[in-house]
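**Student:** with the input below, show me the fold.
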Amino acid sequence: MFFKDLAQVIRKNIREYGMYIALFVIMVIFTITTDGIFISSRNISNLLNQTGYIAVLAVGMTLVIVIRHIDLSVGFLAGFLGAVAAIALEFWELPVYVVIPMILALGALAGLITAFPVAQLGIPAFVASLAGWLIYRGALLLVTAGTGTIIIQDDAFNAIGNGYIPDIFPDSAFLPEVHKLTLIIGLVSIILFIINEINGRRKKQAYNFEVLPMNIFVLQLVFISILIGLVTWVLSGYNGLSWTVVIVLIVVAVYHFVTTQTVLGRHIYAIGGNPEAAELSGINVKDLTFIVFGSMGMLSALSGILFASRLQSATTTAGQLFEMDAIAAAYIGGVSAAGGVGKVTGSLIGALVYMSLTSGMNLMNVDIAYQYVVRGAVLLTAVVFDVATRSRGK
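**Tutor:** Below is the predicted model of the structure:
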């Protein structure tokens, strides 16, 4: 009975659970093929830090695709704004607490500029954002002209991409080589997750919504709790949580709340489901298009900050193919090419799947040409899976 219920739940929710299964399979395969190096504390920590700037972009891209648009400008926009941050820190000598809000504001403004021809003039987002791709590519070359690389020497800024949260009782004899604050955060996260899931189940039952069978619900709680515990234990073995991971988790939490618990979020998904019907029901599609693209621009700026901070420099190639990685992560994470479907949390898992493939193949010394083939095949599989599940649901 239990396995029958489990199989039925997986079939009904294959779109949501498929990416988690894929991530698990990828991690098992690479752990075996790399003799455990892939799952080591150091590699997992590096993997999460490398995923950070793509995950941030994927969150914004998910909402853009949900409203049936696309933004190709985000990669070089991130690279350009990362270079502007470097210039502001090194040449203009502005403090980091001024530079970061300034860059985020510039990113939001850039997103609004991209949205204008889309929302006001009806120009396809593909064309408008492609123009932005070319403009920001040229702007990046201009601001880095003559040097090619701008070295960032601000320790506070560089800590964003390379630093880790401080530990409590670092000199304690109890678990001396383990980051204890990370373990505490993991434990608190498990408790909050369980409480949130139980409360959510009670609310659904109160409105007679369908919920998981109790045995499957308990299994889900146990499985995810163990997963959170394992991740935090692995990370605690190598410096603990990085500031990059903390920033990504905050971004995902904020956007998850907005998309699931607010009127704004419901309106965004309503536009994706049917823009004409949403307009007729009183939703201002133009304003929300500006909001979504402005948000995408701000997250592009944050991605540029994370990347420049991690490299401790700004280069002429920064941002190259970021937009493709973000789009791939969003589709792998479950967003629908038809719009109206997709979760912010899914984009995070999609980014992890995508970057895990890259990390694992690098550890196996797979030629870069074959890496592109594999990543392209995974993206195609995700889109085919989307079409197949939508067709079956009709």
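
**Student:** other residues contacting stretch 94-110?
**Tutor:** Stretch 94-110 is contacted by residues 73, 77, 81, 84-85, 88-89, 132, 136, 154, 156-157, 294-295, 297-302, 304-305 when judged by Cβ atoms under 8 Å, 6 or more residues apart in numbering. C-beta: built from backbone N, CA, C; applies to glycine.

**Student:** now that stretch: average pLDDT?
**Tutor:** Averaging pLDDT along stretch 94-110 yields 95.

**Student:** now do the buried residues in it.
**Tutor:** Residues of stretch 94-110 classed as buried: 96, 99, 100, 102, 103, 104, 106, 107, 108, 110 (neighbour count, 16 or more other Cβ atoms under 10 Å).

**Student:** nearest residue to the second one other than its sequence neighbours?
**Tutor:** Spatial nearest neighbour of residue 99, chain neighbours left out: residue 88 (4.7 Å); criterion: Cβ to Cβ, 6 or more residues apart in numbering.

**Student:** and that neighbour, which of the three is it?
**Tutor:** In three-state terms, and counting by DSSP: H, G, I helix; E, B strand; the rest coil, residue 88 is helix.

**Student:** kindly report the same for the one 4 residues further on.
**Tutor:** Secondary structure for residue 92, judged by three-state DSSP, is coil.

**Student:** I'd like the average pLDDT over stretch 187-195.
**Tutor:** For stretch 187-195, mean pLDDT rounds to 91.

**Student:** got the contact list for it?
**Tutor:** In contact with stretch 187-195 (Cβ under 8 Å, 6+ apart) are residues 221, 224, 225, 228, 229, 232.

**Student:** quick revisit: gap between the residue nearest to residue 99 and residue 64?
**Tutor:** 27 Å (Cβ to Cβ, to the nearest Å).

**Student:** more neighbours: which of those two?
**Tutor:** Comparing residue 88 with residue 64 by other Cβ atoms under 10 Å, the one with more neighbours is residue 64, at 28 against 20.

**Student:** so that one touches residue 291, yeah?
**Tutor:** No: contact criterion Cβ atoms under 8 Å: residue 64 and residue 291 do not qualify, at 11.0 Å.

**Student:** residue ranges with poor pLDDT in this protein?
**Tutor:** Low-confidence segments of the chain (pLDDT under 70): 1-17, 146-147, 170-176, 389-394.

**Student:** center of it, which residue is that?
**Tutor:** residue 55 (2.2 Å; Cα atoms, centre = their mean).

**Student:** so what's that one up against?
**Tutor:** The contact partners of residue 55, by Cβ under 8 Å, 6+ apart, come to 248, 251, 252, 329, 347, 348, 351, 352.

**Student:** list the contacts of the closest residue in space to the third one that isn't next to it in sequence.
**Tutor:** To tie it back to what came earlier, the one meant is residue 252. Sequence neighbours aside, residue 348 is the residue nearest to residue 252 in space, at 5.2 Å (criterion: Cβ to Cβ, 6+ apart). Counting by Cβ under 8 Å, 6+ apart, residue 348 touches 55, 58, 59, 248, 252, 333.

**Student:** how about residue 375?
**Tutor:** Residue 375 sits in contact with 328, 354, 357, 358, where contact means Cβ under 8 Å, 6+ apart.

**Student:** relative to residue 164, which of the residues you listed is nearest.
**Tutor:** residue 358 (22.5 Å; Cβ to Cβ).

**Student:** my guess is the closest one meets residue 370, correct?
**Tutor:** No: counting by Cβ under 8 Å, residue 358 stays clear of residue 370, with 11.8 Å between them.

**Student:** these two: which has the busier surroundings?
**Tutor:** Counting neighbours by other Cβ under 10 Å for residue 358 and for residue 370 shows that residue 358 has the greater number, 19 against 10.

**Student:** for that one, pull up the helix or strand it's in.
**Tutor:** Mapping residue 358 onto the secondary structure by DSSP states H and E places it in helix 344-363.

**Student:** list the buried residues in the helix or strand following that helix.
**Tutor:** The helix or strand immediately downstream of helix 344-363 is helix 368-393, counting by DSSP H and E. In terms of neighbour count (16+ other Cβ under 10 Å), helix 368-393 has its buried residues at 371, 375, 378, 379, 382, 385, 386.

**Student:** next one: stretch 217-232
**Tutor:** So for stretch 217-232, counting by 16+ other Cβ under 10 Å, buried means 219, 221, 225, 228, 231, 232.

**Student:** what does that stretch contact?
**Tutor:** Stretch 217-232 is contacted by residues 6, 44, 182-183, 185-187, 189-190, 193-194, 197, 201, 211-212, 241 when judged by Cβ under 8 Å, 6+ apart.

**Student:** export that stretch as CSV, just CAs?
**Tutor:** Output of stretch 217-232 as CSV, limited to C-alpha atoms (Å, rounded to 0.1, in the frame of the first residue of the first chain):
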residue,chain,number,x,y,z
PHE,A,217,3.8,13.3,4.0
VAL,A,218,5.9,11.9,6.9
LEU,A,219,8.4,10.3,4.4
GLN,A,220,8.7,13.7,2.6
LEU,A,221,9.5,15.4,5.9
VAL,A,222,12.0,12.8,6.9
PHE,A,223,13.7,12.8,3.5
ILE,A,224,14.1,16.6,3.2
SER,A,225,15.1,16.9,6.8
ILE,A,226,17.9,14.3,6.3
LEU,A,227,18.9,16.1,3.1
ILE,A,228,19.2,19.5,4.9
GLY,A,229,21.1,17.8,7.7
LEU,A,230,23.6,16.1,5.3
VAL,A,231,24.2,19.3,3.3
THR,A,232,24.9,21.4,6.4
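
**Student:** tell me how far residue 97 lies from residue 88.
**Tutor:** According to Cβ to Cβ, residue 97 and residue 88 sit 12 Å apart.

**Student:** returning to that earlier point: and the contacts of residue 348, which two are the farthest apart?
**Tutor:** The most widely separated members of the contacts of residue 348, counting by Cβ to Cβ, are 248 and 333 (13.6 Å).
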